[in-house]
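> Provided below for reference: sequence and predicted model.
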Amino acid sequence: MLYREAGQFKATYAEDSQIFPIRQDRIGFWVLMLVFGVAVPLLTNEYWLKAILIPVLIFSLAAIGLNILTGYAGQLSLGSAAFMAVGAFAAYNFILRIEGMPFLVALVLAGVTAALVGILFGLPSLRIKGFYLAVATLAAQFFIVWALVKFPWFSNNSSSGVVTAQDVTILGYTFSTPEAKYVLTFLIVAFMALLAKNMVRSSTGRAWMAVRDMDVAAQVIGFRLMRTKLLAFAVSSFYCGVAGALYAYTYIGTVEPEGFNLDLSFKILFMIIIGGVGSIMGSFLGAAFIVLLPIFLDNFVPMIFGDALGAGFVSNFQLIVFGGLIIFFLIVEPHGLARLWQIAKEKLRLWPFPH
Amino acid sequence: MARQIGDVIVDLQNISLRFGGVKALTDISFNVREHEIRSIIGPNGAGKSSMLNVINGVYHPQEGQIFFKGALRKKMEPHEAAEQGIARTFQNIALFKGMTVLDNIMTGRNLKMKCNFLQHALYWGAAQKEEIAHRIKVEEVIEFLEIQDIRKTPVGRLPYGLQKRVELARALAAEPHILLLDEPMAGMNVEEKQDMCRFILDVNDHYGTTIVLIEHDMGVVMDISDRVVVLDYGKKIGDGEPDEVKNNPDVIKAYLGTTH
Ligand SMILES: Nc1ncnc2c1ncn2[C@@H]1O[C@H](COP(=O)(O)OP(=O)(O)OP(=O)(O)O)[C@@H](O)[C@H]1O
Ligand SMILES: [Mg+2]
């Protein structure tokens, strides 16, 4: 009875098209924002912030990026990590080479740089689809990492492309503590998630989904395939680029091109498969799941089996669990955790009187 | 009542279309007049759907000319046809499966929406106003087609007949001048067919929309069409008012004779 929309009538189309049309969801959302924006940085310790919460946020942003391209616009990509690398190295160079470059401006420019590279590597999508497109994005993945190592200019001539992120300073305040970095990351990710949600619920998002679901019909209705697909590549890469820059500046601190390898691209792909393809909320759930699962297994497996199995087993066991989950979600619930959550809510709506 | 058939709006001259060795259309000429209901009939594989695809730029004929509103039309892409006010439905339902009924119909208004993705991202001021203004238009279409109670349903979950209706709604949302309907009643029961007929006639009557209709049900075709063109093996074998066509010996032989 707690989760009911009875009595909540929508008097206007504006009310009806809110992100959370049901009041309980709206309240829940703001509670979550307060918990993660205020309570968490005050109450948790450094380990949680640095090892779990900050990476979950950053990966969520990258997953939103991939979800825009793959989940909404239907263009499979295996190059997300490469676009993160573009963002990270672009931010580094903008701050390094332009005197007095404000951090937030550098972040936007990093995203724009990634977007431009994304458009370039999105061009093949105008001719090829599905598997072949995935292979083309794979080429982007390898080429970008190779180029960042090959040309020392990108890393200011450091050996093998390793760069150390400069201090993050906004309006004279330096974000040096984990708490400060977390709050900054949280605000940026929350804001960008809102923008993404707005895009996908308006005409831009409908264009992406139309092209995904039936491209001939989309054209016949008046959508332009080229513009729609390239915009998806641009926006998606922008998100990955900003995520990459945050990865360097508020998470790891020291990055190298090889850190943004195919493994990471797959990790982000798994996040959207498990979290929910075509769902902004799913991007968060997927990222949280993939960051937390290994930590959980690391603690859980030795607890049950003791040391008998050896350290190697734990990491292999992780892979097995991942594999199993991916197969489960691909076959049973392609819309991932986000859909399971929705089903649970639908049940709750009727509870305790299912008829 | 007051519906006046106007001038020729689409004029096809000597259209031939081939797919490799298959001749889908051979030297076909016919025209469509403003505000009329123009039907295309013919046995399976006669080239009817190909004809519609030629009209809205999905297929490009190897030979022939198309005059649109009196002007020779250059090679045209489907989205350009849409910009010219041509909307259509498909023989095999072509809805956007992952979207709700409402979102599907909203896509029909995309050409009338002017905000860009950055405005959408902020969803503030102009973008929100635009979204709501178009929602109001879409709600009119929803009400007209009597599908209010399914507006939030994902289209994949709807039965076939309703999907056809939603596809019509999406086309109507564009407020087209010309509406191309490819077998809008196929697979429907009598009641659903009656509804669909009523909607087609209403659209034609209220908005003056020119309609090009492909339909296998002869009763319906003869009932609602102003003029009928008959295709067989990619060739035109008859053209005229329903009564003329019904009594055309070639048509009786090639079409009515074989399928009935
Ligand atoms: N894209 C295509 N590629 C190859 N051949 C095609 C294509 N589209 C149509 N054809 C061929 O053109 C001919 C006419 O097909 P069309 O679909 O226009 O017929 P139709 O009159 O609509 O038939 P039906 O009543 O079965 O819908 C057929 O022989 C068909 O196989
Ligand atoms: Mg056909």
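Happy to help now that I have it. Ligands and ions are numbered 1, 2, ... in the order given.

> Can you name the residue of chain B nearest to ligand 2?
Among the residues of chain B, residue B:49 lies closest to ligand 2, at 3.1 Å counting by Cβ to the ion. To be clear about C-beta, it is placed using only N, CA and C from the backbone, and glycine gets the same treatment.

> For burial, what's the neighbour tally of that residue?
20 (other Cβ atoms under 10 Å in any protein chain shown).

> Surely it is in contact with residue B:231?
No - assessed by Cβ atoms under 8 Å, residue B:49 is found out of contact with residue B:231, at 10.4 Å.

> does the residue of chain B closest to ligand 2 sit in a helix or strand, and which one?
Here residue B:49 sits within helix B:48-55, counting by DSSP states H and E.

> Which stretches in chain A count as strands?
A:163-164, A:169-170, A:173-174, A:254-255 (DSSP state E).

> Next: chain B.
B:8-19, B:22-33, B:37-41, B:63-68, B:71-72, B:86-89, B:178-182, B:210-214, B:227-232, B:235-240.

> can you tell me which of those strands comes nearest to residue B:134?
Proximity to residue B:134, assessed across the strands of chain B by Cβ to Cβ, is greatest for strand B:86-89 (15.4 Å).

> close to ligand 2, is the closest one?
No - Strand B:86-89 stays clear of ligand 2 (Cβ under 5 Å from the ion), getting no nearer than 11.8 Å.

> which helices and strands does that strand pack with?
helix A:215-221, helix B:160-173, strand B:178-182 (3 or more Cβ pairs under 8 Å, 6 or more residues apart in numbering or on different chains; DSSP states H and E).

> tilt between the shortest one and strand B:37-41?
When you say that, I think you mean strand B:178-182. Angle, strand B:178-182 to strand B:37-41, by axes from the mean of the first three to the mean of the last three Cα atoms, to 10 degrees: 30 degrees.

> What is strand B:178-182 packed up against?
When contacts are defined as 3+ Cβ pairs under 8 Å, 6+ apart, strand B:178-182 packs onto helix B:48-55, strand B:86-89, helix B:160-173, strand B:210-214.

> Parallel or antiparallel, list what pairs with that strand.
Strand B:178-182 sits in its sheet next to strand B:86-89 (parallel), strand B:210-214 (parallel), going by DSSP bridges.

> Residue in the stretch 1-150 of chain A with the shortest distance to ligand 2?
residue A:129 (24.7 Å).

> neighbours of that residue, just the number please.
The number of residues packed near residue A:129 is 14, by other Cβ under 10 Å.

> quick revisit: can you list contacts of the helix holding residue B:49?
Helix B:48-55 has contacts (Cβ atoms under 8 Å, 6 or more residues apart in numbering or on different chains) with B:10, B:12, B:15, B:17, B:24-25, B:28, B:40-42, B:59-61, B:66, B:81, B:86, B:88, B:91, B:178, B:180, B:182, B:212, B:214, B:231, B:234.

> remind me which residues of chain A are low pLDDT?
Counting by pLDDT under 70, chain A shows low-confidence ranges at A:1-9, A:305-311, A:351-355.

> Check what pLDDT residue B:2 gets.
Looking at residue B:2, its pLDDT reads 54.

> Could you do residue B:213 as well?
Confidence score, pLDDT, at residue B:213: 96.

> who's in contact with the residue nearest in space to the middle of chain B?
Centrality entry for chain B: nearest residue to the mean C-alpha point is residue B:180, 1.6 Å, by Cα atoms, centre = their mean. Contact partners of residue B:180, counting by Cβ under 8 Å, 6+ apart, are B:52, B:55-56, B:86-89, B:212.

> swap the cut-off to 6 Å and go again
For residue B:180, the contacting residues are B:52, B:88, B:212, by Cβ atoms under 6 Å, 6 or more residues apart in numbering or on different chains.

> Let's have those in CSV, adding neighbour count.
Converted to CSV, the contacts of residue B:180 look like this (neighbours: other Cβ atoms under 10 Å in any protein chain shown):
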residue, neighbour count
B:52, 23
B:88, 27
B:212, 23
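
> now, among the residues you listed, which is nearest to ligand 1?
Of all the contacts of residue B:180, ligand 1 sits closest to residue B:52, with 8.1 Å by Cβ to the nearest ligand atom.

> if I look at that closest one, how far off is residue A:150?
Remark: distance between residue B:52 and residue A:150 (Cβ to Cβ, to the nearest Å) = 53 Å.

> Before I go, just wanted to say thanks for your time.
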